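Enquirer: pasting the sequence and the predicted model now:
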Amino acid sequence: MDDDDENFSMEVVEPEDAESDMNSDSASDAEDNSAKPKEVYLPGNVLADDEELVCDESAYVMLHQASTGAPCLSFDVIPDELGTGRQAFPMTAYIVAGTQASRTHVNNLIVMKMSNLCKTQEEEEDEELEDDQDDVADREELRKPQMTCALIKHQGCVNRVRARRLGNTVFAASWSELGRVNIWNLSQPLQAVEDSKLLKQYEQQNEARPVFSFGGHQQEGFAVDWSPSAEGVLATGDCRRDIHVWSPLEDGTWKVDQRPLAGHSHSVEDLQWSPNERSVLASCSVDKTIRIWDCRASPQKACMLTCQDAHESDVNVISWNHSEPFIASGGDDGFLHIWDLRQFQSQKPIATFKHHTDHITTVEWSPCEATVLASGGDDDQIALWDLAVEKDTDQAQAQAQNEDELNKLPPQLLFIHQGQKEIKELHWHAQLPGVLLSTAHSGFNIFRTISV
């Protein structure tokens, strides 16, 4: 195991120290610096040599970052038993992530417990209370976020990982670069992150093996999704073009249909089961199409609907709305499309947004707000959208008179989150309303904005 893989850390993202920029020899220089107005930065703008980006802490309810040494380019939120709709701070979240280390044999799945996730800004306190340095230090120590990790050795880089609670047990499905899909029982690592003694024992005797593996794909892949309505049902897609459907067996293993769903001509990039119909599956591909499948039919006839040329190039990601018949898609062309399945045969999206300036690598609808979704990509930004927002007449008139860059932004764009490099995946936390987690080459962020 590489030392890099054990370098875990988590911290609050702190605002810039305003005083550090004012170590000028003259009072007038300090006054000039303090009087300089703050400007809003938009992705794509070029910073001057004397300019730098500073996080506006007031825009976040919570903002933390974590590092795991080797980058984790895929992760998933682990459903916990702490309840849904949790608003109280400090918060706790569990995730499973997969590393992409430089050497194949040192990769891991990492089960993480992120706890003591406090608000970014402290609550206002009674002005009559006097703070001494010891009180401030004690309070800061109490507010430090904590991260505990339990590792599972993984053969090959983890292309993608998805978690699902089946009964009282949490399982994870991982795609390996070596062409195998593995199913893991996460019970032991989840117990280990709760207790330091158990974690030490786990680390000493960890011989975790997948409970099931499938090597029938002809190539490696990235697409994998658990069905939200048919317990234990899974779909996996590979870079050759094949999609296989898995069904659980009574003995705790799975039966994988060896006949792939026929339709795509190039790599299957993402899969999404319908949140409401047990047999319906959506897929997207490098062949520029989005397909809707009915898995009750034979693999040769399962494709019900196809949107040809859904994007100008590779379709990287799709997300199925939890309560409305909408699918969001993002592609290498930087476009974010919204598709109404009731009008899917028209081959035209009901909404299109061209805000991202590079490949879109991740998109997901909010599980709590039907009109809200998030997208991210290689332009190092995460965009939050609310499709219920419409441009009013007064705003349109103002825009006509003042065509500055802010007025050119779509009114549905709520928020732009930055600070990560090469964003790969984001997920909403279904049990923590408004909380987003994201991973990139530069590490993890977990945050909640004032916008959602």
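Expert: Good, I have the coordinates.
Enquirer: state which strand of this protein is the longest.
Expert: strand 107-117 (DSSP state E).
Enquirer: would you list the strands that it pairs with, along with their directions?
Expert: Strand 107-117 has the following strand partners under DSSP bridges: strand 91-99 (antiparallel), strand 146-154 (antiparallel).
Enquirer: tell me the phi and psi of Leu341?
Expert: phi -60, psi -20 (degrees, to the nearest 10).
Enquirer: how much space separates the closest residue to it other than its chain neighbours from Trp254?
Expert: Distance criterion Cβ to Cβ, 6 or more residues apart in numbering; nearest residue to Leu341, sequence neighbours excluded, is Pro325 at 4.3 Å. For glycine as for every other residue, the C-beta is placed from the backbone atoms N, C-alpha and C. Pro325 sits at a distance of 29 Å from Trp254 (criterion: Cβ to Cβ, to the nearest Å).
Enquirer: picking that back up, could you dump the strands paired with strand 107-117 into JSON lines and include mean neighbour count and distance to Val435?
Expert: Conversion of those to JSON lines gives the following (neighbours: other Cβ atoms under 10 Å; distance: least, Cβ to Cβ, whole Å):
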{"stretch": "strand 91-99", "mean neighbour count": "23", "distance to Val435": "7"}
{"stretch": "strand 146-154", "mean neighbour count": "20", "distance to Val435": "16"}
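Enquirer: number of nearby residues for Asn45?
Expert: Neighbour count of Asn45, defined by other Cβ atoms under 10 Å: 11.
Enquirer: typo on my end, it should be Lys301
Expert: Lys301 - counted by other Cβ under 10 Å - has 12 other residues nearby.
Enquirer: before we move on, what about Glu122?
Expert: So Glu122, with other Cβ under 10 Å, has 10 neighbours.
Enquirer: also Ile382?
Expert: For Ile382, using other Cβ under 10 Å, the count is 25.
Enquirer: also the one 5 residues further on?
Expert: Taking other Cβ under 10 Å as the neighbour definition, Leu387 ends up with a count of 21.
Enquirer: contacts only, for the residue nearest to it when sequence neighbours are not counted.
Expert: Closest residue to Leu387 apart from its sequence neighbours, by Cβ to Cβ, 6+ apart: Thr371 at 4.6 Å. Taking Cβ atoms under 8 Å, 6 or more residues apart in numbering, we find Thr371 in contact with Asp386, Leu387, Ala388.
Enquirer: what about Thr371, distance to Val280?
Expert: 22 Å.
Enquirer: lowest average confidence, helix or strand, in the protein?
Expert: The helix or strand of the chain with the poorest confidence is helix 27-35; it has a mean of 43 (mean pLDDT, DSSP states H and E).
Enquirer: roughly how far is the helix or strand just after that one from the heart of the chain?
Expert: Scanning forward in sequence from helix 27-35, with DSSP states H and E defining helices and strands, the next element found is strand 60-67. Computed by Cα atoms, centre = their mean, to the nearest Å, the chain-centroid distance of strand 60-67 equals 14 Å.
Enquirer: quick check: Asp270 touching Ile327?
Expert: No. Assessed by Cβ atoms under 8 Å, Asp270 is found out of contact with Ile327, at 10.6 Å.
Enquirer: list residues touching both of these two?
Expert: Ile318.
Enquirer: which residues does stretch 293-301 contact?
Expert: Taking Cβ under 8 Å, 6+ apart as the rule, stretch 293-301 contacts 235, 243, 245, 257, 259-263, 279-283, 302-304.
Enquirer: mind listing what Pro228 touches?
Expert: So Pro228 contacts Trp273, Pro275 (Cβ under 8 Å, 6+ apart).
Enquirer: repeat that with 10 Å
Expert: Listed by Cβ atoms under 10 Å, 6 or more residues apart in numbering, the contact set of Pro228 reads Arg164, Gln272, Trp273, Ser274, Pro275, Asn276, Arg278, Trp320, His322.
Enquirer: and the last one, how many neighbours?
Expert: Yep, that's His322 we're talking about. 16.
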